[in-house]
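Enquirer: Predicted model, plus sequence, below.
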Amino acid sequence: MSDKNLIKKLQLFRQDLHKNPELSGKEIKTQKRIIDFLSNLNPDKIFKNIGGYGVAYIFDSGNNGPIVLFRADMDALPITEANNIDYISTNKGVAHLCGHDGHTAVLCGVANMVDTYRPVIGKLVILFQPAEETGAGAELVIKDKKFEEIKPDCAFGFHNLPGYQKNTCFIRYGTFSSASTGVIIKLKGLSSHAAYPEDGNNPDKCLAELINEFNSISTQNRYDDFVLVTVIHAKLGEVAFGTTPGDATIMLTIRSYLNRDMDNLIQNINSTLDQVCKKHKINHQINFTEHFPANRSDEYCVNLVKESANTCNIDTIELDNAFRWSEDFGHFASNFKSAFFGIGSGLDHPQLHNENYDFPDEIIATSIKIFFEIYKNLLIKNG
Ligand SMILES: [Zn+2]
Ligand SMILES: [Zn+2]
């Protein structure tokens with residue numbers, strides 16, 4: 001198949017995925033669509049249902065050499081799309097507004113090319129990973145028994161970047177995107193009649209003090225790099241005019257560029273919570289959810305991305321700062337030598353998770369070229 005035909009086919013496939021989005025952990029039909037689309041290929045192995053509805057294609061040279069993993073995410077978001085396109089989402093309230101439809105199409109393109117130009121050494125694993133948006137998928141894949149066989153020596157992933165020059169490659173040594181964790185705090189006092197608040201213990205002052213304290217935690221001088229605390233939700237009692245509240249909830253999203261700063265931040269939140277609750281005689285419970293480790297790239301792997309983009313005459317820019325958002329590729333980056341890179345979606349392109357966002361098909365070819373060049377460098381040229 002000519003390159004042009006392949007790109008056209010991938011665009012249509014991408015639009016088909018866009019029309020049929022599925023939420024994190026529910027990508028059952030998406031997995032099937034990928035398998036159907038790649039049904040003409042002859043990989044040496046396919047692992048279905050890895051880490052949920054993930055699927056991995058293994059191209060094995062049969063010779064010694066590195067295991068290289070390329071990863072695309074495949075889940076959509078619980079947002080209603082507001083685009084005026086003929087392939088608009090048909091799954092109500094769910095839409096591909098982060099471009100994971102495009103990421104999947106790109107790695108389907110790479111799979112097509114690798115099927116023709118087989119590895120000479122080692123193995124290539126092309127992983128379509130579920131549940132990225134909730135931070136659950138990468139970890140589930142890594143913990144899946146089937147993954148034992150394909151633990152990579154190097155792993156590569158990418159994200160499209162609205163607000164950045166179209167078809168430019170963006171790299172960063174060290175952290176590419178932040179660690180983040182959701183924090184759920186429940187406060188328990190004692191409710192009473194609203195006419196007799198003194199007979200209960202209203203957690204209102206404790207809640208107010210905690211919000212203030214949490215908002216100032218990130219400005220304290222105890223961190224090595226950027227940290228951020230965002231209070232995303234707070235609730236006190238019920239709407240009942242006859243009752244003094246007895247409980248409250250507060251939720252935070254906390255972020256950091258470094259994993260050790262995340263550990264410090266959690267410690268500080270815990271000690272602030274203990275102190276303030278003790279003062280107000282309020283019981284508390286703390287839980288964490290949607291944990292993303294910092295997405296830190298390895299120097300050797302970043303150099304490979306850079307050289308590969310250069311070989312393909314693709315402009316490459318080194319980012320000054322890491323992104324504040326998180327990527328669950330951080331789980332791969334924490335366990336294996338990895339690099340994560342960005343491909344610009346265009347300066348004026350609607351932002352990720354925006355109801356008007358749609359993956360730009362014009363960046364499919366550029367993204368494939370970089371992955372294919374990395375592949376050639378690691379599993380063909382060195383053979
Ligand atoms: Zn997203
Ligand atoms: Zn995304």
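Expert: Here it is on my side, so go on. Ligands and ions are numbered 1, 2, ... in the order given.

Enquirer: Do me a favour and average the pLDDT over stretch 39-55.
Expert: Across stretch 39-55, pLDDT averages out at 98.

Enquirer: I misspoke; the intended subject was stretch 60-76.
Expert: 97.

Enquirer: Buried residues, that stretch. List them.
Expert: Under the neighbour-count criterion of 16 or more other Cβ atoms under 10 Å, stretch 60-76 has 60-61, 65-76 buried. C-beta: built from backbone N, CA, C; applies to glycine.

Enquirer: Stretch 164-178 now?
Expert: 164, 166-172, 175-178.

Enquirer: Just those residues: which are in helices?
Expert: Cross-referencing these against helices under DSSP state H gives no overlap.

Enquirer: ok, so of those residues, who is nearest Val94?
Expert: Closest approach to Val94 among the buried residues of stretch 164-178 (Cβ to Cβ): Ser177, at 23.8 Å.

Enquirer: Please verify my assumption that the closest one contacts Leu319.
Expert: No: look at Ser177 against Leu319 with Cβ atoms under 8 Å: they stay out of range, at 10.1 Å.

Enquirer: So in the protein, which helix runs the longest?
Expert: The chain, longest helix under DSSP H: helix 259-279.

Enquirer: Show me what it is packed against.
Expert: strand 179-188, helix 204-217, strand 227-236, strand 247-256, strand 283-292 (3 or more Cβ pairs under 8 Å, 6 or more residues apart in numbering; DSSP states H and E).

Enquirer: The ones you listed into TSV, with extra columns for distance to Asn268?
Expert: Shown next, in TSV, are those (distance: least, Cβ to Cβ, whole Å):
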stretch	distance to Asn268
strand 179-188	12
helix 204-217	6
strand 227-236	9
strand 247-256	10
strand 283-292	12
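
Enquirer: and of the ones you listed, who's closest to Ala82?
Expert: Between the helices and strands packed on helix 259-279, strand 227-236 lies closest to Ala82; by Cβ to Cβ that is 23.2 Å.

Enquirer: List the buried residues for the closest one?
Expert: 227-229, 236.

Enquirer: Closest one of the residues you listed to Cys301?
Expert: Looking across the buried residues of strand 227-236 and measuring by Cβ to Cβ, the closest to Cys301 is Val227, at 25.9 Å.

Enquirer: hmm, back to that, can you name the residues in contact with the longest helix of the chain?
Expert: By Cβ atoms under 8 Å, 6 or more residues apart in numbering, the surrounding residues in contact with helix 259-279 are 179, 181, 183, 185, 187, 206, 209-210, 213-214, 217-218, 220, 222-227, 229, 252, 254, 256, 283-284, 286, 288, 293-294, 296, 334.

Enquirer: what about Ile46, how many neighbours?
Expert: By the measure other Cβ atoms under 10 Å, the count of residues near Ile46 is 14.

Enquirer: Which element, helix or strand, includes it?
Expert: Ile46 is located in strand 45-50, with elements delineated by DSSP states H and E.

Enquirer: Show me which residues of that strand are buried.
Expert: 47, 50.

Enquirer: That strand pairs with which strands?
Expert: strand 54-60 (antiparallel) (DSSP bridges).

Enquirer: if we can go back for a sec, dump the strand holding Ile46 to PDB, keeping only the CA atoms.
Expert: Provided in PDB are the C-alpha atoms of strand 45-50 (Å, rounded to 0.1, in the frame of the first residue of the first chain):
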ATOM      1  CA  LYS A  45       1.600 -12.500  18.700                       C
ATOM      2  CA  ILE A  46      -1.400 -10.500  19.800                       C
ATOM      3  CA  PHE A  47      -2.300 -10.100  23.500                       C
ATOM      4  CA  LYS A  48      -5.900  -9.200  23.800                       C
ATOM      5  CA  ASN A  49      -7.600  -7.900  27.000                       C
ATOM      6  CA  ILE A  50      -4.300  -6.700  28.500                       C
END
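
Enquirer: follow-up on the earlier one: buried ones among the contacts of helix 259-279?
Expert: The buried subset of the contacts of helix 259-279 - by 16+ other Cβ under 10 Å - is 179, 181, 183, 185, 187, 206, 209-210, 213-214, 217-218, 223, 226-227, 229, 252, 254, 256, 284, 293-294, 296, 334.

Enquirer: Please enumerate the helices of the stretch 51-200 of the chain.
Expert: 100-116, 137-143 (DSSP state H, counting those that start in this stretch).

Enquirer: Just checking the distance from stretch 48-55 to the centre of its chain.
Expert: Centre-to-centre, stretch 48-55 and its host chain are 17 Å apart (Cα atoms, centre = their mean, to the nearest Å).

Enquirer: got it, and stretch 198-211?
Expert: On the basis of Cα atoms, centre = their mean, stretch 198-211 sits 36 Å off its chain's mean C-alpha point.

Enquirer: outside of it, which residues touch it?
Expert: In contact with stretch 198-211 (Cβ under 8 Å, 6+ apart) are residues 185, 187-193, 231, 234, 236-237, 244-248, 250, 272-273, 276-277, 279-282.

Enquirer: ok, and for it, which residues are buried?
Expert: 200-204, 206-207, 209-210.

Enquirer: would you turn those into a markdown table with distance to Phe372?
Expert: Compiled in a markdown table, those are given as follows (distance: Cβ to Cβ, whole Å):
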| residue | distance to Phe372 |
| --- | --- |
| Gly200 | 66 |
| Asn201 | 64 |
| Asn202 | 63 |
| Pro203 | 57 |
| Asp204 | 59 |
| Cys206 | 57 |
| Leu207 | 54 |
| Glu209 | 56 |
| Leu210 | 51 |
